[in-house]
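**Q** Would you be able to build a 3D model of this:
(3 chains)
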Amino acid sequence: MIDYTCPRRSNLDRHMKSHTDERPHKCHLCGRAFRTVTLLRNHLNTHTGTRPHKCPDCDMAFVTSGELVRHRRYKHTHEKPFKCSMCDYASVEVSKLKRHIRSHTGERPFQCSLCSYASRDTYKLKRHMRTHSGRTSPLTLLGRFKRHCLQVEKRDLLGFVI
DNA sequence: CCTCCGTAGCGCCCCCTGCTGGG
DNA sequence: CCCAGCAGGGGGCGCTACGGAGG
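**A** Numbers count the residues shown, from 1 in each chain, chains lettered A, B, ... in the order given. Just a heads-up that it's a prediction; the model follows:
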């Protein structure tokens, strides 16, 4: 149990609601319900495609201000606030740093239910599961084809030089 | 009280790369 | 030797949840 304190009664009232299942703000398009009108508005924007937060440096736009800040760090400011204490790696998002740290610790929290394989991140496990279903995704195949073309190109180029 | 903003967190997907085993 | 399959490391975005604080 984490103690929550705040300077305002109104914020405490709001916080107390987070302990209930109360979600009075319902989306009329999909039926999903939210605690606050702001969350509902953001959600509705994902239905309508409304993206109020425009990037000043490119054509991208986002539903929330936080997404815009993150985008600008990735693409424009290159600010990486989360530094690895064991190497020079730094990242825009703390979740990426956590994923990176697992490559130092060797931790593999995501266990395959069908074999002994365990992954350091959720998506790698999901990708691995395709090997059990016998399905290779079209995107993987596209990647293979691109690499194949590059290999052929490189080979032809070397052949030409030699 | 309403609302905006910043932050945290989980998820999804992609790219590039190295390794490996079979043809 | 070549190539396809697979896993590792990392970049980027989608979306929800929550708390601080200004109006």
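
**Q** can you map out the helices along chain A?
**A** Listed in chain order, the helices found in chain A under DSSP state H are A:9-17, A:37-48, A:65-72, A:94-105, A:122-133, A:138-161.

**Q** How about the fourth one and DNA strand C, touching?
**A** So that's helix A:94-105. Yes: using Cβ under 7 Å from any atom of the strand, helix A:94-105 reaches DNA strand C at A:Lys96, A:Arg99, A:His100, A:Arg102, A:Ser103. Heads up, the C-betas are built off the backbone N, CA and C, glycines and all.

**Q** Also the first one?
**A** Yes: Helix A:9-17 comes into contact with DNA strand C (Cβ under 7 Å from any atom of the strand), by way of A:Ser10, A:Asn11, A:Arg14, A:His15.

**Q** what's the average pLDDT for that helix?
**A** Confidence over helix A:9-17 (mean pLDDT, whole number) is 83.

**Q** Could you do the longest one as well?
**A** When the per-residue pLDDT values of helix A:138-161 are averaged, the result is 48.
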